[in-house]
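> Here is a sequence with its predicted model. Questions after.
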Amino acid sequence: MTDVVVRTNRAKAEKHSLLVMKGHGPERHRYLSRTERWGLVFILPFIIMFLFFLVIPIIYALYDSFFTTRLIGGTVFTGVSNYESVLTNGAFWRGMLRTFIYAAIQVPVLIVIATFFATMFDMGIAKWGAVFRTIFFIPFAVPTVVAGVMWSFLLEDPYGPLDRIIYDLGGGHYNFMGAGAPLLGSIIVIAIWEWAGYTMVILFTALRSVPRDVVESAVIDGARLGRVITRVKLPMIAPAITLVGILNIIGALQLFVEPEVLTVFTTNVSYNYTPTIYLYNQAYAAQEYNLAAAISFVLALIIIVISVSFVLLRRRKGAWI
Amino acid sequence: MTAATTVASAAQSPPTPRRRRPDDPSVVPLRLYGMRRGTVAVVTGLVVIFAVFTLLPIWWIFVNSTKTEPNLFATFGFWFARPFKLFSNMREIFANQSQGSLAQWFRNTVIYAFCGGAGATILSATAGYGFAKFRFRGNHALFMIVLSALLIPLTAVAIPLYILYSKVHMDSTMEGIILPFMVSPVGVYLMRVYISGSVPQELIDAARVDGAREASIFLRVAVPLMTPALITVFLLSVVASWNNYFLPFIVNNTTSLDPLPVGVYVWFQHSVSGGGYQDFYLYTICAGLLTIVPIIILFLALQRFWRGGLLLGSLTG
């Protein structure tokens, strides 16, 4: 019944648009402008909010970054001098380098783990897939701060349970957050704990959308399991892998909350541990808003350059994204 | 053999609804690959190890919320210790007002998450509909600008936002925290992708020919077809607002307006600054548990309604 209605309506619509196309000048104009107008009406609420809470703050920060506030003389235009002091600042670059190292380890490890489990669930090689996928996804619901608190206690020495286990096994006390310990490694573990399940679910969904016939014909051609995965399945979800890769790089280069929370239990997170911590300290502890604005732009620029070149690199290899 | 059938049926069950016919198993049976017998056991073992790794901190926070402060340090972290104090601990964290009120933080978080989530869903739905179904000058360019916002670090926005707020006296207000949560470029992207795929242009045209107004076409024709996307965007935005620490931390200076994550961190810092406040170690842990339980329940309850597939949109298609 509804089908019929829809079909006649569609016929009407086609007739209508035909009429419109056939040179009823003013009517055509009115129809198009109505759609144009309504399209703008629909996007307007979002665009207004987007302007107020994203675009204007960014423009304001950009404006701010060209000024310097002095104790005597007030705020004066100083051109690119804030940028000069950021780019020549060792503290900024040390934090940046640490964040690069962090991203260079965390993102690939995360993607490999997520892809591995997504593939195993998709092929049905792991048992009880639905249950485990739900379990893996749970950390997504845990705020980063709470994750930081939990892991701080777990890694604590001498009361933390992990240290206790190592001690009971005869390994002595080990302070995961101590002077010689690879603190960055602990942060990588925390970040993987937080994001592996979420990334896995995204990739799993992508794998599910690979048509069964493609896999079947590969199997009929005699492809073994590993070959089906590496030659058939994974190439088809390459766009999804690229996407989660880029999103994770963007997130990793903004590293802030995890090391910030760890400062409660360790003194090994310096004021410039990551660029975001550095800019936060410049803005609040040092009240250097203009310099902080310049730092945030340099950081944003670095993130944009890296993500865009990542996309271009894949595109040059013939992939679309 | 039984193993293979169990696996197949497990793989068929939701969370992710499929577009395939129910009698068409989407998984090629394992035996066709000529896989070695041990593989399933080894892989399942790895999955179990990772599941233990995933659940360990959550198990830890639950176990330790039931302890007394001395037992927190004196007993093994991964197992219970008498006396069982979960309920009295929970009462105590609500009763203690010396470092801000947990009840207030909880209420704030519920308000921020719900309003932010609802606002983000409505704005993303209308904008996604506008971008997907209307041709107007600058449509594509505007959409690209919205998407490129994903590249901007939140820190580049939060601090100038705070400075602007303080100029218009919007710092330390509820609106100041909620309104930015409503701007969700990811939500707009997901909605646009979903609407392009599942709201047929013919239906819209037909309604237009019948003389329906654009607003009622959106509400009566498009919205009912968008339900899975609406639920997904709502859930993702609620979680994003519930868990957001950085933005409220920056733009808000009033303790009574803090959300739970900021409150938990305040207590955590306070517990170490010490001096007779030792109980705050325990309070931090209990407040942390209180923060994660509602969201985990929400997710498990709504799991079959929301679409992981939407996270990707049509990227794979």
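Arrived safely. Residues are numbered from 1 along each chain as shown, chains lettered A, B, ... in the order given.
> Do you know the pLDDT at the residue in the stretch 101-250 of chain A that chain B sits nearest to?
The nearest approach of the stretch 101-250 of chain A to chain B comes at A:P161, 3.1 Å away (CB to the nearest CB). (C-beta placed from N, C-alpha, C; glycine too.) A:P161 carries a pLDDT value of 85.
> confidence score at the residue of the stretch 201-317 of chain B found nearest chain A?
Proximity of the stretch 201-317 of chain B to chain A (CB to the nearest CB) peaks at B:A206, 3.1 Å away. Reading off the confidence values, B:A206 has pLDDT 92.
> ok, now the one 5 residues further on?
What the model reports for B:G211 is a pLDDT of 89.
> For it, pull up the helix or strand it's in.
Counting by DSSP states H and E, no helix or strand carries B:G211.
> Next one: it from A:G90, what distance?
From B:G211 across to A:G90, the span is 69 Å (CB to CB, to the nearest Å).
> middle-most residue in chain B, spatially?
Centroid check for chain B by CA atoms, centre = their mean gives B:V239 as the closest residue, at 2.4 Å.
> Name the SS class of A:A286, please.
Look at A:A286: counting by DSSP: H, G, I helix; E, B strand; the rest coil, its state is coil.
> pLDDT weak spots in the stretch 1-150 of chain B?
Counting by pLDDT under 70, the stretch 1-150 of chain B has low-confidence residues at B:1-34.
> if we go to 80?
B:1-37 (pLDDT under 80).
> what's near enough to touch B:A51?
A:F132, A:I135, A:F136 (CB atoms under 8 Å, 6 or more residues apart in numbering or on different chains).
> between the residues you listed, which has the most around it?
Using other CB atoms under 10 Å in any protein chain shown as the neighbour criterion, A:F136 leads these with 27 neighbours.
> Count the neighbours of residue 197 for me.
You didn't pick a chain, so chain A it is. A:G197: 26 neighbours (other CB under 10 Å).
> switch to chain B, that's the one I care about
13.
> Leaving out the residues flanking it, which one is nearest to A:I101?
A:L184 (6.8 Å; CB to CB, 6 or more residues apart in numbering or on different chains).
> Next, the one you found: secondary structure please.
helix.
> and it, how many neighbours?
Applying other CB under 10 Å, I find that A:L184 has 18 neighbouring residues.
> again, but for B:R137
Counted with other CB under 10 Å, B:R137 comes out at 10.
> quick one: which helix or strand includes A:Y273?
Using DSSP H and E, A:Y273 falls outside every helix and strand.
> how about it, what does it touch?
Counting by CB under 8 Å, 6+ apart, A:Y273 has contacts A:G95, A:R98, A:P259.
> any idea how far it is from A:F256?
Following CB to CB, the distance that separates A:Y273 from A:F256 is 9 Å.
> pLDDT score for the residue nearest to A:I101?
91.
> now swap in the one 4 residues further on and tell me
You'll see A:I188 listed with a pLDDT of 95.
> For A:I166, grab phi and psi.
Backbone torsions for A:I166, taken as degrees, to the nearest 10, come to phi -60, psi -40.
> which non-adjacent residue is nearest it?
Nearest in space to A:I166, with sequence neighbours left out and distances taken as CB to CB, 6+ apart, is A:Y174 at 5.2 Å.
> count of neighbours near that neighbour?
A:Y174 has 15 nearby residues by other CB under 10 Å.
> Hmm, A:P158 and it touching each other?
No. Taking CB atoms under 8 Å as the definition, A:Y174 is not a contact partner of A:P158, at 9.4 Å.
> which helix is the longest one in chain A?
Identified as the longest helix of chain A according to DSSP state H is helix A:90-123.
> Show me how far that helix is from its chain's centre.
Chain-centre distance of helix A:90-123: 11 Å, with CA atoms, centre = their mean, to the nearest Å.
> quick check: domain ranges of chain A?
Listed domain ranges for chain A are A:2-64, A:84-316 (source: automatic domain parsing).
> Tell me the confidence at A:L44?
95.
> which residues of chain A fall in strands?
With DSSP state E applied, chain A shows strands at A:67-70, A:74-77, listed in chain order.
> Now the first one - C-alpha only, CSV.
Provided in CSV are the C-alpha atoms of strand A:67-70 (Å, rounded to 0.1, in the frame of the first residue of the first chain):
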residue,chain,number,x,y,z
PHE,A,67,50.9,40.3,20.8
THR,A,68,52.9,40.4,24.0
THR,A,69,51.7,41.5,27.4
ARG,A,70,54.3,43.3,29.4
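> Which other helices and strands does that strand contact?
Applying 3 or more CB pairs under 8 Å, 6 or more residues apart in numbering or on different chains; DSSP states H and E, one finds that strand A:67-70 contacts strand A:74-77, helix A:81-87, helix A:289-316.
> if we go to 7 Å?
On a contact count with 3 or more CB pairs under 7 Å, 6 or more residues apart in numbering or on different chains; DSSP states H and E, strand A:67-70 meets strand A:74-77, helix A:289-316.
> Only the buried residues of that strand, if you could.
A:F67, A:T68 (16 or more other CB atoms under 10 Å in any protein chain shown).
> Show me what that strand is in contact with.
Residues outside strand A:67-70 that contact it (CB atoms under 7 Å, 6 or more residues apart in numbering or on different chains): A:T75, A:V76, A:F77, A:T78, A:S81, A:N82, A:N290.
> now swap in stretch B:292-305 and tell me
Stretch B:292-305 is contacted by residues A:T134, A:I138, A:A141, A:V142, A:V146, B:P14, B:P15, B:I231, B:L235, B:V239, B:W242 when judged by CB under 7 Å, 6+ apart.
> How much space separates the third one from B:L236?
If I follow you right, that is A:A141. 11 Å.
> what does the fourth one give?
A:V142 sits 15 Å away from B:L236, going by CB to CB.
> Quick check on A:Y174: phi, psi?
phi -130, psi 120.
> same deal with B:R82?
phi -70, psi 150.
> ok so, going back, which of the contacts of stretch B:292-305 fall in helices?
Counting by DSSP H, the contacts of stretch B:292-305 place A:T134, A:V146, B:I231, B:L235, B:V239, B:W242 in helices.
> Of those - the most surrounded one?
Neighbour-wise, these (other CB under 10 Å) top out at A:V146, 29 neighbours.
> and A:M96, what does it touch?
A:M96 touches A:P275, counting by CB under 7 Å, 6+ apart.
> Could I get the pLDDT score of it?
95.
> for the one 5 residues further on, same thing?
A:I101 is assigned 96 on the pLDDT scale.
> what do you get for A:K233?
pLDDT, read off for A:K233, is 88.
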